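Enquirer: Fold the stuff below for me.
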Amino acid sequence: MRRMCILSILVFSMLFVSNSFAKEPDWSAYASILSKYVQPGVKNGVELMVVDYQGIKADPLFQKTVDGIEAFNPRQLADKNERLAFYINAYNIYAIKMVADHLPLKSIKDIGSFFSPVWKKNIGRIVGKAISLDEIEHAILRSMGEPGIHMVIVCASVSCPDLRNEPYTAARIQEQLDDQTNAFLNNSGKGIKVKGNDLYISKIFDWFEEDFEASGGVKSFILKYRKTLHPSVRVNFYLTYDWNLNSN
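Expert: Numbers count the residues shown, from 1 in each chain. Okay, the predicted model is just below:
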């Protein structure tokens, strides 16, 4: 009897310790979705990771992915890396869901209107509260002071950064942010096109210019990742943003 009591106390203690530490959601269903339905391709002359939204919509693992986000309590997350990984994944999952829920579709922007943009439409629930893509991006992610988020959240469009074909995780988030930023800034159809001493850069740097001030500004941020560019380059030009879906 005494041994059973001791064993019960140990089991209870292990459960308490386990539950008292932060943990990320189980991303295995999402990982399967990404590896199966996100592949390299070309659209409108731009190299990108192409997303098969029809396949995702028909796969029960995607509903499991959404359910996993909505069942998870992000208040468990202990540090910035855990929060970054969770909310970046949440944004991308809900952007996929927004498109999948409205197929057939030419552009994600077609879901909304000038007076009711798609970004402000509720698409899911986190901690039981209805949430929009706009809230995840502006109220949560941008407030973390990490400009690299703009290289990893994907608005389902050709000119957006690519959807990575694996989930973001706290353990690898900085490595993944750097990797995606390098990929974006080295894609002449998306991030930067060099013409002589002029750089044509993504409109993302125009829309969110203030977010790069902590990195010394847009130009300094770019030169950090494109070290072969001469510091005298000019970055006053912007690439045309292609809002067509990042799908075939």
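Enquirer: Can you check the distance spanned by stretch 207-216, start to finish?
Expert: 17 Å (Cα to Cα, to the nearest Å).
Enquirer: let me redo that: stretch 150-163
Expert: One end of stretch 150-163 sits 12 Å from the other (Cα to Cα).
Enquirer: and that stretch, what's its mean pLDDT?
Expert: Averaged across stretch 150-163, the pLDDT comes to 98.
Enquirer: Next: stretch 216-224.
Expert: Averaging pLDDT along stretch 216-224 gives 95.
Enquirer: can you pull the buried residues of it?
Expert: 218-219, 221-223 (16 or more other Cβ atoms under 10 Å). No exception for glycine: its C-beta is placed from N, CA and C like everyone else's.
Enquirer: and the helix ranked longest in the chain, how far out from the chain's middle?
Expert: The longest helix of the chain (DSSP state H) is helix 80-100. Here helix 80-100 shows a centroid-to-chain-centroid distance of 5 Å under the convention Cα atoms, centre = their mean, to the nearest Å.
Enquirer: swap in stretch 106-117?
Expert: That offset, for stretch 106-117, works out to 20 Å (Cα atoms, centre = their mean).
Enquirer: same check, this time on stretch 51-66
Expert: Centre to centre, stretch against its chain (Cα atoms, centre = their mean), the figure for stretch 51-66 is 17 Å.
Enquirer: Verify the stated contact: Leu229 with Ile201.
Expert: No: assessed by Cβ atoms under 8 Å, Leu229 is found out of contact with Ile201, at 11.2 Å.
Enquirer: Okay, now the unreliable bits of the chain?
Expert: Applying pLDDT under 70 to the chain flags the ranges 1-22.
Enquirer: And the strands in it?
Expert: In the chain, the strands defined using DSSP state E lie at 38-43, 46-51, 122-126, 129-132, 192-195, 198-201, 234-238.
Enquirer: and of the ones you listed, who's closest to Phe114?
Expert: Closest approach to Phe114 among these (Cβ to Cβ): strand 129-132, 16.4 Å.
Enquirer: can I get the CA coordinates of that closest one in PDB?
Expert: Provided in PDB are the C-alpha atoms of strand 129-132 (Å, rounded to 0.1, in the frame of the first residue of the first chain):
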ATOM      1  CA  LYS A 129     -12.000  34.100 -29.200                       C
ATOM      2  CA  ALA A 130     -12.800  34.800 -32.900                       C
ATOM      3  CA  ILE A 131      -9.700  36.000 -34.700                       C
ATOM      4  CA  SER A 132      -8.800  37.400 -38.100                       C
END
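Enquirer: Show me the contact partners of it.
Expert: Strand 129-132 is touched from outside by 94, 119-125, with contacts defined as Cβ atoms under 8 Å, 6 or more residues apart in numbering.
Enquirer: now that strand: how far from the chain's centre is it?
Expert: 17 Å.
Enquirer: quick one: strands adjacent to that strand?
Expert: Sheet pairing here is set by DSSP bridges, and for strand 129-132 it gives strand 122-126 (antiparallel).
Enquirer: any idea of the angle the strand it pairs with forms with helix 80-100?
Expert: 140 degrees (axes from the mean of the first three to the mean of the last three Cα atoms, to 10 degrees).
Enquirer: and strand 122-126, how far from the chain's centre?
Expert: Distance, stretch centre to chain centre, for strand 122-126: 16 Å (Cα atoms, centre = their mean).
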